[in-house]
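Chemist: Return atomic coordinates for the entry below.
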Amino acid sequence: MPNRYVSRTALGRHSGRQFHISPPVFVKAGDRIPDVDLMENSPGTKLSLAKELTGKGVIVGVPAAFSPGCSESHIPGYINSPKLKDAGPVFVVSVNDAFVMKAWGQALDPTGKSGIRFIADPALAFTKALDLDFDASAIFGGPRGKRYALLVEDGKVKEAFVEPDNTGISVSAADKVLA
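Modeler: This next block holds a predicted model:
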């Protein structure tokens, strides 16, 4: 087992103190999609992405519905991607309530032509099961999900695209994920 305690001497500082280095542990290729109840359109409409994604598909996680980056760039990139039709079912998940996610989906894709489904994870159950939650109190008033995209095959993560700064839009953008 590797030593996770590294002295500052090893890092070029001599103080004799040690500190703990914890690598990120979030979702990775090969992990199963968690079988957790989520909501679609209303609190009474439950679904499990583990049961929905038995073949090929995509899960896109966003920190907040209606936020500028999510509404102006990230999700429109998927809605307007010519490669969307080959991706399988696509689900956008956010730590919001079902009514907010329904309204956001209608605002971004009024005709529903893209087929993207907007899913609520109000209690962070799905997000925490993937270890993709973070403290967003300063921005959104509480814990939220990191920005990410997961390519899924047969109920398992084929590839994970998790933003290193939690909210940026680079590695999880549609042109990179659907390439």
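
Chemist: which SS class is residue 128?
Modeler: helix (DSSP: H, G, I helix; E, B strand; the rest coil).

Chemist: Look at residue 96 and give its secondary structure.
Modeler: State at residue 96, reduced to three classes by three-state DSSP: coil.

Chemist: Can you get me a residue count around the residue lying closest to it once chain neighbours are set aside?
Modeler: Spatially, and ignoring its direct neighbours in sequence, residue 96 is nearest to residue 65 (4.7 Å; C-beta to C-beta, 6 or more residues apart in numbering). Yep, even glycine has a C-beta here, placed from its N, CA and C like the rest. Counted by other C-beta atoms under 10 Å, the residues lying close to residue 65 total 23.

Chemist: any idea of the pLDDT on residue 65?
Modeler: Confidence at residue 65, expressed as pLDDT, is 92.

Chemist: so which strand or helix has it?
Modeler: Per DSSP states H and E: residue 65 is located in neither a helix nor a strand.

Chemist: what about it, distance to residue 85?
Modeler: Going from residue 65 to residue 85 by C-beta to C-beta, to the nearest Å gives 24 Å.

Chemist: Isn't residue 37 up against residue 48?
Modeler: Yes - counting by C-beta atoms under 8 Å, residue 37 does reach residue 48; the two are 6.2 Å apart.

Chemist: Between those two, tell me which one has more neighbours.
Modeler: Comparing residue 37 with residue 48 by neighbour count (other C-beta under 10 Å), the higher total belongs to residue 48, at 14 against 11.

Chemist: Many thanks, I have nothing further to ask.
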